[in-house]
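Participant: what's the 3D shape of this:
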Amino acid sequence: MKIFKKERLPNGRTHVYLKLFSYQDKFQRIYNKRFSGLTQKELEFCVKRQYKMWHGKKLNLKKPETFNEKLCWEKLYYWNPLMTICADKVRAREYFCEKIKDGEKHLVKQYGVYKTPDEIDFDTLPNKFVLKSNWGSGQQIIVKDKSKLDIDAAKQKMREWIKPESNHYFYSFESGYRFIEPRIVCEEFLDYEYKLEFFCFNGKPRFFWIVINDKTPDVRANFYELDWTRMPITNHYPNFDTDITKPKCYDEILENAKKMCGDFPFVRCDFYVTKTGYRFSEMTFFHWGASQGFEPSKYNIIIGNMMELPKNKENVACIKNPD
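Facilitator: The predicted structure is shown next:
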């Protein structure tokens, strides 16, 4: 793309010349506009360019085949206001309880939900707890000993979380996050054994992965069929060798996932498995933001074939805040 650029010369004169911008320059220029709003065409350009950077090939939107191609199609052309509720780490609990009978007993205990960190009364909190953002990914502070917590530093970090530009939507355009109202959540420190996360397509859980040592440098994950048969897949995290016995609560968790996933072409329903049962974690609509492929590579299409996209397109960039 060629544009005119003015340059002030040492002698005071102005020189006007054509500057050739690279494709990467164009992406950065448009991507930097995302906080003020993108047109549908600009959003399409950014999603296509991100896909090319992540996967090294052109995004096929006319006939998407792989799982990540279809997730990118959804970023651009699929809108469901329920995603705003279910991607919100506060309001998703309401959805869970609407779908699941007696769901309240399977929620992680919350000590408070706050608009700003200054609302938090740390004196009333237990010794162990977790602080997290409701609209982010990886925005959390795990406190195992309150006496060692630097409260001022924690508050400063949380102030960054609730800034509009910290909305996870602005990283890779995962539309479910776009209209969430920012909140800070304080909840119990849950001593869980692993995470059990179901990949659900068009109302049906099709397989799951178990994530161990989550939020640590030693995080690992294995994939399984619904009958607990191991699948020979890796996806960003390396596999682990430990044999995990199917928990007694597995069938109940699977039934819950079936009840929760029916409204969406794809959603991942996540649960914590503890020594005594399970707790609902969250719902995720764009696994890894569509940035990570599967190995062996044939599973990118095998899993993509599980997902049926809506027949009609919507211009997601043009959607206004439903509130």
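Participant: What are the buried residues along stretch 218-225?
Facilitator: Neighbour-count burial for stretch 218-225, counted by 16 or more other C-beta atoms under 10 Å, picks out 220-224. Bear in mind the C-beta positions are built from the backbone N, C-alpha and C, glycine included.
Participant: got those as JSON lines, with secondary structure columns?
Facilitator: Converted to JSON lines, the buried residues of stretch 218-225 look like this (DSSP: H, G, I helix; E, B strand; the rest coil):
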{"residue": "Arg220", "secondary structure": "strand"}
{"residue": "Ala221", "secondary structure": "strand"}
{"residue": "Asn222", "secondary structure": "strand"}
{"residue": "Phe223", "secondary structure": "strand"}
{"residue": "Tyr224", "secondary structure": "strand"}
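Participant: Please produce TSV containing the residues you listed, extended by distance to Phe199 and pLDDT.
Facilitator: TSV is the format used below for these (distance: C-beta to C-beta, whole Å; pLDDT from 0 to 100):
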residue	distance to Phe199	pLDDT
Arg220	17	98
Ala221	12	98
Asn222	13	98
Phe223	9	98
Tyr224	10	98
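Participant: Which of those residues sits closest to Lys148?
Facilitator: Arg220 (27.9 Å; C-beta to C-beta).
Participant: beta partners of that closest one?
Facilitator: Per DSSP bridges, the residues bridged to Arg220 are Ile212.
Participant: correct me, but it touches Asn239?
Facilitator: Yes. Arg220 is within contact range of Asn239, at 6.4 Å (criterion: C-beta atoms under 8 Å).
Participant: Among the buried residues of stretch 218-225, find me the one that's closest to Gly304.
Facilitator: The closest of these, once distances to Gly304 are taken by C-beta to C-beta, is Phe223, at 15.2 Å.
Participant: Please state the backbone phi and psi of Phe129?
Facilitator: Here the main-chain torsion angles of Phe129 (degrees, to the nearest 10) amount to phi -170, psi 170.
Participant: ok, it - how many residues close by?
Facilitator: Look at Phe129: counted by other C-beta atoms under 10 Å, it has 21 neighbours.
Participant: so how far is Trp288 from the closest residue to Ala221 other than its chain neighbours?
Facilitator: For Ala221, ignoring the flanking residues on the chain, the nearest one in space by C-beta to C-beta, 6 or more residues apart in numbering is Tyr237 at 4.0 Å. Distance from Tyr237 to Trp288, counting by C-beta to C-beta, to the nearest Å: 10 Å.
Participant: Kindly report the same for Gln28.
Facilitator: Gln28 is 22 Å from Trp288, by C-beta to C-beta.
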